[in-house]
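Peer 1: got a sequence here, can you model it:
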Amino acid sequence: MEKEKRPAAGGENGENEKIETLRAWLDGAESVIIGAGAGLSTAASPTAASRRYEAFLRENEGKKVLFLELGVGMNTPGIIKYPFWQMTYRNKNARYACINLETSDLNILSRLHG
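Peer 2: Okay, here's the model as predicted:
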């Protein structure tokens, strides 16, 4: 997978550049899909929520979408992380960003296309 336009890592300037890139993606997105880790998300009915989520994904297929992970770790990557990567890979207009304060990560990739 090719990583494009990834800001320089390390130091305050690198983090500021990442934040500015993320801000620009948020401003340009037609939709933002947020995946939240444990303690950040709840659902009244997983079945109803799943149906709404699938419908939302279908309605926004091919659009400028930002997949934004908040606090998602590697305990269960198949629930949020891997599906976000797959959807970003399939949509040339999609962007992916991950913010994890436990690991002090702010990772942003403009595309996950090979």
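Peer 1: which residues of this structure score low on pLDDT?
Peer 2: By pLDDT under 70, the weakly predicted segments of the chain are 1-13, 37-46, 103-106, 108-114.
Peer 1: any chance you could map the helices in it?
Peer 2: 11-28, 46-59, 81-90 (DSSP state H).
Peer 1: any buried residues in the last one, and which?
Peer 2: Meaning helix 81-90. 81, 84-85, 87-88 (16 or more other Cβ atoms under 10 Å). The C-beta positions use only the backbone N, C-alpha and C, and glycine is treated the same way.
Peer 1: returning to what we had before: most tightly surrounded among the helices of the chain?
Peer 2: Highest mean neighbour count of the helices of the chain: helix 81-90, a mean of 17 (counted as mean count of other Cβ atoms under 10 Å).
Peer 1: what angle do helix 46-59 and that helix make with each other?
Peer 2: Angle between the axes of helix 81-90 and helix 46-59 is 20 degrees (criterion: axes from the mean of the first three to the mean of the last three Cα atoms, to 10 degrees).
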